[in-house]
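1. Show me the folded form of this:
(one chain, ligands or ions: 1)
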Amino acid sequence: MGAVVSVLLVVFDGLRPDMIRGETTPNLMRFAAMATSMPRARSVFPSETRVCTSSIATGCYPRRHGLVANRMPHPTRPERFVDTGNALALREMEQEIGGPTLLVPGLSDLLAGAHQDFAVFSSGTTGQCRLLAPNADTHGQMVISAHGPQHCSAAGRQLLSRLEPAPVEPAARAVWIADAWRTTMLAAPPAASVLWLCEPDTAAHYQGLDSPGQRAALMAADAAFGRLLDDWQAGVQHDQLQIIVASDHGHVTVDGLVPAQAMMAESPVFAGCGIGGGGIVVPDGDRVRIAEIARFLMRQDWVASVFTPDLGDIAAGTLPHSVVMLDHPRTAHVLYTLRNTAKSAPSGLVGTTLLDSAMKLGVGAGWHGGLNSGELSTVLMLAGSKIRSGVSSDWPAGLVDIAPTILALLGLLGDEAMDGRVIGEALLDGQEPSCSRSPETWEASGEFYAQRVARTRVGRHVWIERGERI
Ligand SMILES: [Zn+2]
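-> Got it, this is the predicted structure:
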């Protein structure tokens, strides 16, 4: 017997809300007109895809799910970094630490526990796909990765063998995965599905933010989404299936390069440290060295935010990891972001950043990972028979609210254990939050340096608005 209600989450990786436009994304425009939109939706920090994926899957911030960076310090050998985009590297790490990557259950586990089916279709990296359903085979769930059968679940491999082979080019792969979900799942959708499109993110990085190449990739993904919408609206599943459209983070435009990691590697201040993924791992977590490194970073004009562990006054000017919900033993001791602005790029999109030249991208490329408003602003819209239509909610929301809201739509409990809230004001049978919202500002200053992080709170729920050097 099929579920009474089912939910499809469609993620457009890296889509900025202001890139939803009539010329390039007519189908997202069409969806927005029938949806409840959350224009204040926020990503998490670091605003990197696998951190975001884990927050979407678990409804928790990295301080609880434990995937603290795209390139994450190895939990038991912190001098090494793990490429979380590589499913094999994640598996290897799990064997080495004798435990899971994600430290709280995700939608995959929660739905299995409730005897509801769950499916993942992803054209993202193999690691990204795995984080959405790490125990898919145990649960008998359908996982299709566009990167081939070895990254699908057993059920996914069976289905994959009946599909045309996935193309190699990223935009074509995003279209392929969207068409695969539509043609194989829509007629009898699982209780919950995640359809993850790797565009417009890949094109933003490699072809430039708002470049003709990125717009073409976005148009192709939007057209594939439009076919899904057409079939949903025309089909018998229309009253059953609720659709949530989201992005995991935004993008800002690279306006300059700085050899940050190379400079650190050459400086005696960083001797013996692990450097990578926007963080520095200090041998034995020596607090004197943490302070020395933080002070070095705060003296650089290419550095924006600097965070250190919650150990009291480490160095004047730094803010503790907990301010950005990253206080976790796996987090690198010192975290930094690169200087960024709220200025417009030549494309007209607001938000620019310096980029580490080690990343091998040029000026004009799209980038994310930091605390700029352009990186933290995400798309979040919901539509369906259980959801209010044509509404824009002024309440704060974000990635962590997606999982609780999916559970609520399915009539399942579990959201109390999550950091996020049920987006009640979007639901026909739901309500606005009962607490008022309050802005929170964290500031710290040292001799030549000051920074600020702005958050919004509603009851026990918190979202990061932005972080900046001041
Ligand atoms: Zn992403």
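
2. and the residue of the stretch 251-400 of the chain nearest the ion?
-> Across the stretch 251-400 of the chain, the shortest distance to the ion (C-beta to the ion) belongs to residue 368, at 6.9 Å. Any C-beta I mention is one placed from the backbone N, CA and C, and that applies to glycine too.

3. correct me, but that residue touches residue 378?
-> No: with contacts counted by C-beta atoms under 8 Å, residue 368 stays clear of residue 378, the gap being 10.4 Å.

4. Find the residues that touch each one of the two.
-> Counting by C-beta atoms under 8 Å, 6 or more residues apart in numbering, the residues touching both residue 368 and residue 378 are 249-250.

5. which neighbours does the helix or strand bottoming out on mean pLDDT in the chain have in its sheet, and in what orientation?
-> Using mean pLDDT, DSSP states H and E, the weakest-scoring helix or strand in the chain turns out to be strand 274-276, at a mean of 93. Using DSSP bridges, strand 274-276 pairs in its sheet with strand 279-281 (antiparallel).

6. Any buried residues in the partner strand, and which?
-> Neighbour counts using 16 or more other C-beta atoms under 10 Å place 279-281 of strand 279-281 among the buried residues.

7. how much distance is there from that strand to the middle of the chain?
-> 21 Å (C-alpha atoms, centre = their mean, to the nearest Å).

8. Let me know the average pLDDT across that strand.
-> Across strand 279-281, the average pLDDT comes to 97.

9. how about the nearest residue to the residue of the stretch 101-250 of the chain found nearest the ion, chain neighbours excluded?
-> Nearest residue of the stretch 101-250 of the chain to the ion, counting by C-beta to the ion: residue 248, 4.3 Å away. Closest residue to residue 248 apart from its sequence neighbours, by C-beta to C-beta, 6 or more residues apart in numbering: residue 52 at 3.6 Å.

10. quick one, phi psi at residue 297?
-> phi -70, psi -40 (degrees, to the nearest 10).

11. Next one: it from residue 263, what distance?
-> 10 Å (C-beta to C-beta, to the nearest Å).

12. again, but for residue 159
-> 49 Å.

13. could you point out where this protein is predicted with low confidence?
-> 1-3 (pLDDT under 70).

14. Smallest gap between this protein and the ion, at which residue?
-> For the chain, C-beta to the ion, closest residue to the ion: residue 49, 3.2 Å.

15. okay but that residue is in contact with residue 129, surely?
-> No: counting by C-beta under 8 Å, residue 49 stays clear of residue 129, with 11.0 Å between them.

16. Between those two, which is the more surrounded one?
-> Between residue 49 and residue 129, counted using other C-beta atoms under 10 Å, the more crowded position is residue 129 (30 against 26).

17. isn't that one right next to residue 108, touching?
-> No: with contacts defined as C-beta under 8 Å, residue 129 does not count as touching residue 108, sitting 11.5 Å away.

18. and stretch 243-260, how far apart are its ends?
-> Distance between the two ends of stretch 243-260: 42 Å, counting by C-alpha to C-alpha, to the nearest Å.

19. residues near residue 438, how many?
-> Neighbours of residue 438 under the rule other C-beta under 10 Å: 10.

20. The spatially closest residue to it that is not a sequence neighbour in helix, strand or coil?
-> Excluding its sequence neighbours, the residue lying closest to residue 438 (C-beta to C-beta, 6+ apart) is residue 457, at 5.2 Å. At residue 457, secondary structure determined by DSSP: H, G, I helix; E, B strand; the rest coil is strand.

21. give the contact list for residue 457.
-> By C-beta under 8 Å, 6+ apart, residue 457 lies in contact with 437-440.

22. okay, those in CSV with distance to residue 364 next?
-> Listed next are the contacts of residue 457 as CSV, based on distance: C-beta to C-beta, whole Å:
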residue, distance to residue 364
437, 37
438, 38
439, 34
440, 35
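
23. filter these by proximity to the ion?
-> Among the contacts of residue 457, no residue sits close to the ion (C-beta under 5 Å from the ion).

24. In TSV: the residues you listed, plus secondary structure.
-> Formatted as TSV, the contacts of residue 457 follow (three-state DSSP):
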residue	secondary structure
437	strand
438	strand
439	strand
440	strand
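
25. ok, how many other residues are close to the nearest residue to residue 439 once chain neighbours are set aside?
-> Excluding the flanking residues, the one nearest residue 439 by C-beta to C-beta, 6+ apart is residue 456, at 5.9 Å. Number of residues near residue 456 (other C-beta under 10 Å) recorded here: 19.

26. cool, residue 302 as well?
-> Residues within reach of residue 302, counting by other C-beta under 10 Å, total 16.

27. Then residue 470?
-> Residues near residue 470, counting by other C-beta under 10 Å, number 10.

28. Please report how far the residue nearest to residue 34 when sequence neighbours are not counted lies from residue 356.
-> Excluding its sequence neighbours, the residue lying closest to residue 34 (C-beta to C-beta, 6+ apart) is residue 383, at 4.8 Å. Residue 383 is 39 Å from residue 356, where distance means C-beta to C-beta.

29. So for those two, which sits in the more crowded spot?
-> residue 383 (25 against 19).

30. got the contact list for the more buried one?
-> Residue 383 neighbours (C-beta under 8 Å, 6+ apart): 31, 34-36, 242-243, 245, 389.

31. Apply 7 Å and report the result again.
-> 31, 34-35, 243, 389 (C-beta atoms under 7 Å, 6 or more residues apart in numbering).
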